[in-house]
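Student: turn this into a model:
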Amino acid sequence: MLRGTYELEPAGPGRTRLILHSQQRLSTRLNPYAGLWTDYVMSEIQERILRVVAKRSEAEAARLLRLR
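Tutor: Down below sits the predicted model:
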């Protein structure tokens, strides 16, 4: 993994889309084959990260609404 960034994008009233960008480097003699697995594993990791972030942010938003 060389770099990972998040981008927040408006998605309508009271909604925000979180986009995760990452860049990785693969150095192996099996690059074409290993690249497929690396892409798959990285997409799974990113999806799990986004789910955790979404769950936490939605829980926090719900908590803040209850405080009003």
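Student: ranges for the strands of the chain?
Tutor: 3-10, 16-23 (DSSP state E).
Student: the first one pairs with which strands, parallel or anti?
Tutor: Strand partners for strand 3-10, identified by DSSP bridges, are recorded as strand 16-23 (antiparallel).
Student: pull the residues that contact the strand it pairs with.
Tutor: 1-11, 42, 46, 49-50, 53-54, 57 (CB atoms under 8 Å, 6 or more residues apart in numbering). C-betas here are computed from N, CA, C, even on glycine.
Student: sorry, back to before: closest one to residue 30 among the strands of the chain?
Tutor: strand 16-23 (20.0 Å; CB to CB).
Student: alpha carbons of that closest one, as CSV, please.
Tutor: Extracted as CSV, the C-alpha positions of strand 16-23 are listed here (Å, rounded to 0.1, in the frame of the first residue of the first chain):
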residue,chain,number,x,y,z
THR,A,16,-22.6,12.5,2.2
ARG,A,17,-20.8,9.9,0.1
LEU,A,18,-17.5,8.7,1.3
ILE,A,19,-15.1,7.5,-1.4
LEU,A,20,-11.9,5.6,-0.6
HIS,A,21,-9.0,5.8,-3.0
SER,A,22,-5.9,3.7,-2.7
GLN,A,23,-2.7,3.1,-4.5
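Student: okay, now the unreliable bits of this protein?
Tutor: 31 (pLDDT under 70).
Student: please repeat the previous calculation with a cut-off of 90.
Tutor: 1-6, 14-43, 45-46, 49-50, 53-54, 57-58, 61, 65, 68 (pLDDT under 90).
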